[in-house]
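Participant: okay, here's the prediction I keep looking at, along with the sequence it came from:
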Amino acid sequence: MSRQLSTPTAILLGSAMIAAAVYLGLRHGPAAVAPDPRAAAGDASHRGEPAPPAGAAERAPGERAPAAQRAPAVPREEVARQAARALEARRPALVERCYKPAIAARPAPREVKYVFNLTFDAQGRQIARGIIEDREASRPDVTACLATALPPVAVEPPGASVRVDVPFSLP
């Protein structure tokens with residue numbers, strides 16, 4: 001005859017093991033936190049000076065801040081306009097590949113509206129993209145097609161990572 005643990009016994013043993021692990025892990029207190037580099041340089045806010053950016057103490061005097069910390073050289077609105085132009089340039093191909101087959105299968109709704117969330121790196125390459133559908137003009141078949149048919153969008157190098165929202169509709 002084989003002996004097996006019942007479900008309640010297995011749950012009890014598992015809970016006891018988790019409780020022991022939590023207890024032993026919390027006995028040692030919180031992990032050590034690295035000191036704030038600004039505190040070593042003196043608190044600038046007491047002297048009325050702006051606080052240096054994080055990581056400034058580690059850089060040499062002539063070294064520039066990393067691109068992620070710098071403000072974009074190209075304004076966000078300009079990046080959004082460039083992305084909108086890039087999407088408009090792809091509109092005819094998207095209408096042929098995604099919109100026309102969907103309308104032929106099911107005619108309503110005629111217009112589909114989206115907002116593209118696009119994130120570009122400092123060199124202007126798309127690093128993330130999301131698509132938001134308008135509820136009143138929703139066509140999941142067209143949205144799925146857009147997600148696969150639309151190649152990555154590129155813009156002029158903004159000099160820093162930039163996220164923009166671009167409205168788009170078909171036809």
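Facilitator: Structure's in. What do you need? Predicted, not measured: the structure shown is a model, and the values here were computed from it. Residues are numbered from 1 along each chain as shown.
Participant: tell me the phi and psi of the closest residue to Pro157 other than its chain neighbours?
Facilitator: Among residues not flanking Pro157 along the chain, Gly124 sits closest, at 4.3 Å (Cβ to Cβ, 6 or more residues apart in numbering). (Each C-beta comes from the backbone N, C-alpha and C, glycine too.) Main-chain torsions, Gly124, degrees, to the nearest 10: phi 90, psi 10.
Participant: ditto for Val74
Facilitator: When read as degrees, to the nearest 10, the backbone of Val74 gives phi -100, psi 130.
Participant: which ones are touching it?
Facilitator: Neighbouring residues of Val74 by Cβ atoms under 8 Å, 6 or more residues apart in numbering: 155-159, 162.
Participant: just these: which are in strands?
Facilitator: Val162 (DSSP state E).
Participant: on that earlier part again, how much space between the residue nearest to Pro157 and Leu13?
Facilitator: As defined by Cβ to Cβ, to the nearest Å, Gly124 lies at a distance of 57 Å from Leu13.
Participant: Phe116 touches Arg90, doesn't it?
Facilitator: No. If you go by Cβ atoms under 8 Å, Phe116 and Arg90 don't touch, sitting 11.2 Å apart.
Participant: per-residue confidence at the most centrally placed residue in the chain?
Facilitator: Centrality entry for the chain: nearest residue to the mean C-alpha point is Ala128, 6.2 Å, by Cα atoms, centre = their mean. Predicted confidence (pLDDT) for Ala128: 88.
Participant: cool, Ala84 as well?
Facilitator: pLDDT, Ala84: 91.
Participant: would you confirm that it contacts Val155?
Facilitator: No. Ala84 is not in contact with Val155 according to Cβ under 8 Å; the separation is 10.0 Å.
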